[in-house]
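Participant: No letters, just coordinates:
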């Protein structure tokens, strides 16, 4: 009986540190999708609320915990109405 040739072993190239890290992060996301999704939703919401509070408010808040903008350049805005009104 004739001998058949041995199959050649396929040599896989070594993955770098970045590829190993990406594979580990992918495995973590695949094993905990609810945790990753919830954390992502929380961080996106936190970013939008923080950006709105820090950069997109046109006037300074009179009772802020800490000042995020100088009050010197703003016009004097005093009204008889409370700051928050419900119509």
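Facilitator: All right, it came through fine. Quick caveat: nothing in here was measured; it's all calculated off a predicted structure.
Participant: Could you check how many residues crowd around residue 41?
Facilitator: 10 (other C-beta atoms under 10 Å). For the C-beta atoms, the positions are set from N, CA and C on the backbone; glycine is no exception.
Participant: In the host helix or strand of it, which residues are buried?
Facilitator: In this assignment (DSSP states H and E), residue 41 forms part of helix 33-55. Within helix 33-55, no residue counts as buried by 16 or more other C-beta atoms under 10 Å.
Participant: show me where pLDDT drops low in the chain?
Facilitator: Scanning the chain for pLDDT under 70 picks out the ranges 1-2, 60-62, 68-71, 73-87.
Participant: The residue nearest the centre of it and residue 25: what is the separation?
Facilitator: What sits nearest the mean C-alpha location of the chain, by C-alpha atoms, centre = their mean, is residue 43, with 4.4 Å. Residue 43 sits at a distance of 16 Å from residue 25 (criterion: C-beta to C-beta, to the nearest Å).
Participant: before we move on, what about residue 67?
Facilitator: Distance from residue 67 to residue 25, by C-beta to C-beta: 39 Å.
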